[in-house]
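>>> sequence first, predicted coordinates after that:
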Amino acid sequence: MKKLSVFFAIIFAMMGIVRADEGMWLPMFVERLNYVDMQKMGLQLTPEELYSINNSSLKDAIVGLSNGAHPRGFFCTGEIVSKNSLLFTNHHCGYSSIAALSTVEHDYLNEGFWARSFEEELPAEGVSASFLVRMEDVTEAILGVVTDDMDYMAQQQAINAKIKELEEAASEDGKLNPVIKGFFEGNEYYMFVYKTYTDVRLVGTAPQSIGKFGGDTDNWMWPRHTGDFSIFRVYADENGEPAEFNENNKPLTPKHSLPISLDGVQPDDFTMIWGFPGSTERYMTSFGINYNVDVFYPIVYEVFKAETDVMDEYMKVDKNINIIYASSKAGLANTWKNFEGQITMLRKNKVAERKAALEADFAEWVNANEERQAEYGEVLSTLDDMYSMLSEVAAGLFYPNFLAQLYPMGTATEFVQYYQIASSKESTKEDKLAAAEALKEIDVDALFKDTDPRVQKDMLVAVMKIYGSKFEADECPAFVQKLLKKNKGSWEAVANYIYDNSMFSQAETMKAFIEKPSVGKLRKDPAFLMLGGLMNQLYGSVPGYRMANNEIAQADHLFVKGLREFYAETQPEKVLYPDANSTLRMSYGSVKDYQPADAISYDYVCTANGILEKYIPGDFEFDAPKELLDLIEKKDFGQYADKNGELITCFLSTNDITGGNSGSPIMNGKGELLGLAFDGNWEAMSGDVNFEPKLQRTINVDIRYVLFIIDKVYGATNLIDELEIHKAMPEPIRVEEVK
């Protein structure tokens, strides 16, 4: 390893010109890297007002949403908007909690919910809210444990041990949640210290006909008319400290809450977004892109799309099934459409070709120097070889794995450990009795609680057909070959046979087996046999898959290290930012329209008129509540209308975001809330790999539409009263003096 003095010299050499729009920046560096540029664009806050360890600052209003008291990452972002820790986030971020709280009698998902007092707010079980206390650079301490004589695995073991040591030391005996993460593929390390609150309660949500208006059809699309917001509150004990749910807990008094602006946006207005972006891959090579586009993404798309198609069929006609599968379907659908978009736009925007051109320049730079050639000369060829290996093993790994997760194979996995112990000649009688007794700890009712047998069976049939189309019969497990022969090659018949004849398809038959377990019964159960065959099939791909991924991780580390040196020498004005990794970031840009294709131009705002245009009575995606439609038709928007009397639903900005930023606040230069970021646009679906400045836009729900729904549509004025709302006075009309 090179000396740290050289390492930091490279870092400082790369601190040059920062380009607006692109980049998810670490807040602790805002003064050094971004502040001057942000000021020129319209920022009116000081660096200390943005990020401070010792004083209240904007960062203290930004919340990472996750599960559990010690999260290492966040599924969404929220923001504190009142002195009683009222929290705004996206509807799709609160979707799982809303669905979990819904029943046929109290269908909050489809009817909405509004608490009129603290006492009416509902516990969102499992959800936690984390506030960043501080972040610090621990690169020197982490990389200081690495020596030149260590191989890659030994380095990682030493690094992980040091990370654990530093996190424990910073936890204050468990009061705080420190998380250390690597940046630039492990070339830098930073510690983020959070205070995590686990008493989070649902306060308000519009029905999904507003919060998810447009459904999967409009997902990732512009123009957009989705009221994608939900409202929660963070609670604490009497001392303001984290505590489990308790009726005596009180709303947390936050260090900072965001004021709200009703002034709206105009083209080129400054915007900034703070949040917890999940993952980008801006340093991915052309080899990784080609693997994803040609191999991995198509597999996931095909399977997840088939599963959600089945769910949709039943959810459209059965209210109970709609509640049961709402959360699962939303997650799967978001993934497959995201991958569909990435496949399309990575190809259309020629991202792999552009990456290949960069790699050619990098290789030329490497080969011009013997020392560089010795260190980096094989890194690109290694990546090429390893991604080729992944391509070879992918089908044999992923298709059996996805099939094995479906019922009844998915429930059969609960009995694998019992089978291994009970069927082993080395197990004692006591071992076998203990294994049988352990089966009684399986919560069978919980396994089947949020399922419907018709949906599960049809999903099995759909994915079984896909699986069958990917392999020759003799490549499949022996048990499957027998079933195929018996059913004249029909994969649908195979799936139906397994589901209909397995004891793991129903709770009652599983419970009966647990009372009288038997190795013999397992050996005859079709789902258990299918599970074993699928596991054997995918295990054949596991060694190659693991080896390739380990080699890719090592090569990526080396490639990014070399790439930073390459840029420092060839483009010293270029500032590199780290990939997103579910840590607090800031992005900034401006309000802007875009032109997606020849002769097509998209405005920067959408109005409520578009809801009337898209509205389809009774439709699964484009229905809308009558009370909303009536107000739109009358143009009864109150103080939430723009200067033209229209109601803006959503607007575009050039901020750089990704998944995890959902629910993030988009703010003006005063730090006032303008809206909530909730999506990206279809034409820039390649943006996680390569930022597309001409095309890439963030889709934000306008805060005026949010407040209109809360206030005018549902009359939850108690929530409006909590907010600090700002609105500029209109410019006075100048009257010239008459002479």
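Thanks, I have it.
>>> okay, now K470: neighbour count?
The local packing count at K470 equals 15, with neighbours defined by other CB atoms under 10 Å. For every residue, glycine as well, the C-beta is placed using N, CA and C.
>>> next, it: phi, psi?
Comment: the main-chain dihedrals of K470 come out as phi -100, psi -10, following degrees, to the nearest 10.
>>> that one touches P400, doesn't it?
No. With contact defined as CB atoms under 8 Å, K470 and P400 do not form a contacting pair (9.6 Å).
>>> what segments of the stretch 301-450 of the chain are helices?
For the stretch 301-450 of the chain, helices defined by DSSP state H, counting those that start in this stretch occupy the ranges 319-348, 351-367, 370-376, 379-404, 409-412, 416-422, 429-438, 444-449.
>>> make CSV out of those helices and add mean pLDDT and distance to Q506.
Shown next, in CSV, are the helices of the stretch 301-450 of the chain (pLDDT from 0 to 100; distance: least, CB to CB, whole Å):
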stretch, mean pLDDT, distance to Q506
helix 319-348, 95, 16
helix 351-367, 98, 48
helix 370-376, 97, 58
helix 379-404, 97, 19
helix 409-412, 97, 9
helix 416-422, 96, 19
helix 429-438, 95, 21
helix 444-449, 94, 8
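>>> so which of these is the most surrounded?
Greatest average neighbour count among these goes to helix 409-412 (a mean of 24), per mean count of other CB atoms under 10 Å.
>>> roughly how far is that one from the heart of the chain?
Helix 409-412 has its C-alpha centroid displaced from the chain centroid by 27 Å (CA atoms, centre = their mean, to the nearest Å).
>>> packing partners of it?
Applying 3 or more CB pairs under 8 Å, 6 or more residues apart in numbering; DSSP states H and E, one finds that helix 409-412 contacts helix 526-539.
>>> got the angle for the helix it packs on vs helix 379-404?
180 degrees (axes from the mean of the first three to the mean of the last three CA atoms, to 10 degrees).
>>> ok, residues contacting helix 526-539?
Identification of contacts with helix 526-539 by CB atoms under 8 Å, 6 or more residues apart in numbering yields 396-397, 400-401, 403-404, 408-409, 411-413, 415-416, 419, 475-480, 483, 497-499, 501-505, 522-523.
>>> give me the buried positions along it.
P526, A527, F528, L529, M530, L531, G532, G533, L534, M535, Q537, L538 (16 or more other CB atoms under 10 Å).
>>> in space, what's closest to the last one - neighbours in sequence excluded?
Among residues not flanking L538 along the chain, P400 sits closest, at 4.2 Å (CB to CB, 6 or more residues apart in numbering).
>>> might you report the residue contacts of the one you found?
When contacts are counted by CB under 8 Å, 6+ apart, P400 is found next to Y467, L534, M535, Q537, L538.
>>> what about 6 Å?
With contacts defined as CB atoms under 6 Å, 6 or more residues apart in numbering, P400 is in contact with L534, Q537, L538.
>>> let's have those in JSON lines, adding pLDDT and distance to K175.
Listed next are those as JSON lines, based on pLDDT from 0 to 100; distance: CB to CB, whole Å:
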{"residue": "L534", "pLDDT": "96", "distance to K175": "45"}
{"residue": "Q537", "pLDDT": "94", "distance to K175": "47"}
{"residue": "L538", "pLDDT": "93", "distance to K175": "43"}
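>>> could you dump those to TSV with distance to N349?
Conversion of the contacts of P400 to TSV gives the following (distance: CB to CB, whole Å):
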residue	distance to N349
L534	37
Q537	36
L538	33
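>>> ok, of those, which one's closest to L723?
Closest approach to L723 among the contacts of P400 (CB to CB): L538, at 52.3 Å.
>>> identify the residues contacting I321.
Taking CB under 6 Å, 6+ apart as the contact definition, I321 lies against Y314, M315, D452.
>>> same list (the residues you listed) but as JSON lines, adding pLDDT, distance to L433 and neighbour count.
As requested, the contacts of I321 are arranged in JSON lines below (pLDDT from 0 to 100; distance: CB to CB, whole Å; neighbours: other CB atoms under 10 Å):
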{"residue": "Y314", "pLDDT": "96", "distance to L433": "42", "neighbour count": "17"}
{"residue": "M315", "pLDDT": "95", "distance to L433": "44", "neighbour count": "21"}
{"residue": "D452", "pLDDT": "96", "distance to L433": "36", "neighbour count": "17"}
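>>> closest one to E359 out of the residues you listed, please.
Taking CB to CB as the measure, E359 lies nearest M315 of the contacts of I321, at 45.4 Å.
>>> am I right that K164 sits in a strand?
No. With DSSP: H, G, I helix; E, B strand; the rest coil as the criterion, K164 is assigned helix and is not in a strand.
>>> residues contacting stretch 651-664, please?
When contacts are taken as CB under 6 Å, 6+ apart, the neighbours of stretch 651-664 outside the stretch itself are 21-24, 74, 76-78, 89-90, 93, 265, 271, 273, 275-278, 280, 580, 582, 587, 589-592, 604-605, 676-678, 688, 697-698, 700, 702.
>>> as CSV, the contacts of I321 with distance to A599 would be great.
CSV is the format used below for those (distance: CB to CB, whole Å):
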residue, distance to A599
Y314, 42
M315, 38
D452, 47
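>>> hmm, back to that, format the helices of the stretch 301-450 of the chain as CSV; extra columns: distance to V300.
Putting the helices of the stretch 301-450 of the chain into CSV (distance: least, CB to CB, whole Å) gives the following:
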stretch, distance to V300
helix 319-348, 6
helix 351-367, 19
helix 370-376, 32
helix 379-404, 8
helix 409-412, 17
helix 416-422, 25
helix 429-438, 34
helix 444-449, 24
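>>> so which residues of the stretch 501-650 of the chain form helices?
Under the criterion DSSP H, counting those that start in this stretch, the stretch 501-650 of the chain contains helices at 507-515, 519-524, 526-539, 542-570, 609-614, 626-634.
>>> give the other helices and strands that the fourth one contacts.
Looking back up the chat, that one is helix 542-570. Helices and strands touching helix 542-570, by 3 or more CB pairs under 6 Å, 6 or more residues apart in numbering; DSSP states H and E, are helix 379-404.
>>> quick check on A124: phi, psi?
Comment: the main-chain dihedrals of A124 come out as phi -90, psi 80, following degrees, to the nearest 10.
>>> related to what we said a few turns ago, okay, and which of the contacts of stretch 651-664 map to helices?
Among these, the members found in helices (DSSP state H) are C93.
>>> just give the nearest non-adjacent residue to I323, would you?
The shortest distance from I323 to any residue that is not its chain neighbour, by CB to CB, 6+ apart, is 5.1 Å, and that residue is S102.
>>> please apply the same query to D474.
Distance criterion CB to CB, 6+ apart; nearest residue to D474, sequence neighbours excluded, is Q481 at 7.0 Å.
>>> could you measure from that neighbour over to V494?
10 Å (CB to CB, to the nearest Å).
>>> compare neighbour counts for the two and give me the winner.
V494 (26 against 14).
>>> ok so that one is a helix residue?
Yes. Remark: V494 belongs to a helix, assigned using three-state DSSP.
>>> next SSE downstream of the lowest-mean-pLDDT helix or strand in the chain?
Lowest mean confidence among the helices and strands of the chain (mean pLDDT, DSSP states H and E): helix 4-13, at a mean of 36. Using DSSP states H and E, the helix or strand that directly follows helix 4-13 along the chain is helix 35-41.
>>> starting at the chain centroid, how far to that next one?
Per CA atoms, centre = their mean, the displacement of helix 35-41 from the mean C-alpha position of its chain is 29 Å.
>>> pLDDT of it, averaged?
For helix 35-41, mean pLDDT is 95.
>>> kindly report the same for stretch 46-59.
The predicted confidence, averaged over stretch 46-59, sits at 96.
>>> ok now that stretch, how far from the chain's centre?
Using CA atoms, centre = their mean, the mean C-alpha position of stretch 46-59 is found 27 Å from that of the whole chain.
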